[in-house]
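>>> Show me the folded form of this:
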Amino acid sequence: MSLASKSTAALADAGALAQSISGFAPRPAQSRMAAAVATAMSSNEHLIAEAGTGTGKTYAYLVPALLSGQRVILSTGTRALQDQLFHRDLPRVREALGARLSTALLKGRSNYLCRYRLEQTIAEGRFTARYHLAELTRIRAWAGRSERGDISELDAIAEDSMLWPHVTSTAENCLGSDCPMYADCFVVRARQAAQEADVVIVNHHLLFADMALRQEGFGEILPGAHAFVLDEAHQLPELASQFFSVSVSGRQLSDLGRDALSECAGVAGALASVQAPAQMLEQRLREFRLAMDNLPGRAALSRLLANADAATALGPLVEALAELGRVLAANAERSPGFKACAERATESLRRLRQFADDAKPAGLNDDSRDDMAAVRWYELSGRGFVLSETPLDVATQLRAYREQSGAAWIFTSATLAVGGRFDHFAEQMGLTDPATVLEPSPFDFPHQALAYLPKGLPEPASRDFGQALIDVLLPVLEASAGRAFLLFTSHRALRQAAADLAGRTPFPLFVQGTLPRSALLDAFRQSGNGVLLGAASFWEGVDVAGEALTVVAIDKLPFAAPDDPVLEARLDALRRRGGNPFFDWQLPSAVIALKQGAGRLIRTHADRGVLVLCDTRLVSKPYGRVFIDSLPPFKRTRELSEVVAFLHAPSDASMPMQGEIQP
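Coordinates of the predicted model:
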């Protein structure tokens, strides 16, 4: 029996999963996707599979992965999804199938406690507040009994605690085999387990880290595999672009100076030589950041270098880093920590000098990347900065990695297609003629959901748009008794809407940035009538099922900001090749983003709700039809009365809609 046949049999009415997993129900779309995944695994093919919410795509790839008997790498978009796969979904399916396969969960090094840095932080005595000392005591006690050292195990300490960066490592500050606690290193243990396991669950960042190491000739993090399954694959093009960027930041340099000073505690007499250059580096960092105060927050690097104040302040920063590097090199043989700091200083100085003269590509680590078109840019934060170089095209690198692996590659997500086609995603990933599967969500959207485009809204670029948006949302929020998620295409629009809604609605507002993400979502769920306002990352990964969420409103079509330096360079390169930047890049990217946002509304077969689309370009521009056709088959209306009736109707009611959205 073929792997495809075995997989569909396991997912059938009387199959292994139905017999073993409570509440499991066969789904035709799930079986079809599982067969496609199995076929790709059996023939070492590439597969793109879009599976709408409710299809059950996790089981659709887990079943053939476990039945294949081969080594499989499963990669997800977030640590939360990794944990869900490893601790819930994978054990259920493995037990149901009776699969005798070893499994491993592997995260990036910053997710594991570093015993050496913990002891160094305690010895240094920098944290003197009572609650910090109590947290360090808890961490040390937990470290003594933990088998994996995964910091997510320690719920008693907030995930955004300022202690975690001091007791975990990065690729830069890890001492590797020179570490005195290397034999007990949690990262080493996790990587060894991954090397030996049949099924390994990683995330996309770690997958790209493995890719970079192989290309640079430094071995690998992940073991060779027969198949790679990449869930939440819509994130991959942007993540790949970010990962293969080369950067130097104010935080990196500040951490270098701080780590160098910390190392002095264990090396007699070192402080006398290290303290002054480390302090000078910190001063030059402050001066450089201050000199950039009048610059835009994000722009091409040429804009920074053309600014007299910033360009003038950059030179002394380079000199200060060079001086610290010389001192660290002189102390490199005195401790593994100084040796690591000296190497970091050398690499940071190389990058900073190349950014400063802006004469040639910086940090491209092998010959295959030297001629790659790239854009240099900077970004400012409250007290920091980042200087970056980003490749405009990563398709060649991704293709080479896949070819080198000799494995089957399966890419899946709820949002990969644009107008029913996968061309945009395939081109970004360097995929040539891959197999494809498009399985719509099985939810009954015509009865469960209503799409509403309010009448009378001005164009989104209008000065009056923000106020008009609030005016059309208020009656919808009243009809839904709150229970709404308002999505914005910019943080500025979010802040303005939050200010405008305050005092005009009786429902509690939960605004992104006021609490950690998980705490904010929990508070929203528990409120029962809240209004959640989010932007950027909140367009995906927010899963609120049931009556706590009955309205999702989107202010504008999510086109990327045209003045973004990376996008601007990418579109210019596309134009030079004879392409159409809008239709070849901007439009499909915005369609996928809109599908992600709209996907927050209906999460289960029992959900009902209204999607409010507030951008008149959906009907005033010809391309509006591409957005509408890419969304699930909602009933559509432009009449507020029909929205109110829908929200007030019993959950099993069916209503004819008269105000269809017609482009």
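
>>> Which SSE is immediately downstream of whatever helix or strand residue 272 lives in?
Using DSSP states H and E, the element containing residue 272 is helix 271-291. Sequence-wise, the next helix or strand downstream of helix 271-291 (DSSP H and E) is strand 298-300.

>>> distance between that next one and the chain's centre?
From the chain centre to the centre of strand 298-300 is a distance of 22 Å (Cα atoms, centre = their mean, to the nearest Å).

>>> Remind me what that strand packs against, helices and strands.
Applying 3 or more Cβ pairs under 8 Å, 6 or more residues apart in numbering; DSSP states H and E, one finds that strand 298-300 contacts strand 374-380, helix 565-576. The C-beta positions use only the backbone N, C-alpha and C, and glycine is treated the same way.

>>> just checking, what packs against the shortest one?
By that I understand strand 374-380. Applying 3+ Cβ pairs under 8 Å, 6+ apart, we find strand 374-380 packed against strand 298-300, helix 301-305, strand 385-391, helix 565-576.

>>> which one of these is the most hemmed in?
strand 385-391 (a mean of 21; mean count of other Cβ atoms under 10 Å).

>>> What separation do you get for residue 604 and residue 544?
Distance, residue 604 to residue 544, by Cβ to Cβ, to the nearest Å: 11 Å.

>>> Could you find the closest non-adjacent residue to residue 77?
Of all residues not flanking residue 77 in the chain, residue 232 sits nearest, at 3.3 Å (Cβ to Cβ, 6 or more residues apart in numbering).

>>> Tell me how many other residues crowd the one you found.
Applying other Cβ atoms under 10 Å, we find 22 residues neighbouring residue 232.

>>> ok, it - contacts?
The contact partners of residue 232, by Cβ atoms under 8 Å, 6 or more residues apart in numbering, come to 76-78, 81, 204, 413.

>>> what's the most distant pair in the residues you listed?
78 and 413 (12.9 Å; Cβ to Cβ).

>>> quick one, which of these two is more surrounded?
Under the criterion of other Cβ under 10 Å, the comparison of residue 78 against residue 413 puts residue 413 first, with 25 against 17.

>>> Would you confirm that that one contacts residue 234?
Yes. Using Cβ atoms under 8 Å, residue 413 is in contact with residue 234, at 4.4 Å.

>>> ok so, going back, just tell me which of the helices and strands packed on strand 298-300 ends up closest to residue 471.
When these are compared for distance to residue 471 using Cβ to Cβ, the nearest one is helix 565-576, at 31.9 Å.

>>> can you tell me the average pLDDT over whichever helix or strand comes after the closest one?
Counting by DSSP H and E, the next helix or strand C-terminal to helix 565-576 is helix 581. What helix 581 shows for mean pLDDT is 95.

>>> returning to what we had before: on contacts alone, who are the packing partners of the helix holding residue 272?
helix 250-263, helix 308-330.

>>> what's the angle from the helix or strand that the longest one is followed by to helix 271-291?
This means helix 308-330. Once the chain leaves helix 308-330, the next helix or strand it forms, by DSSP H and E, is helix 336-357. Calculated by axes from the mean of the first three to the mean of the last three Cα atoms, to 10 degrees, helix 336-357 forms an angle of 30 degrees with helix 271-291.
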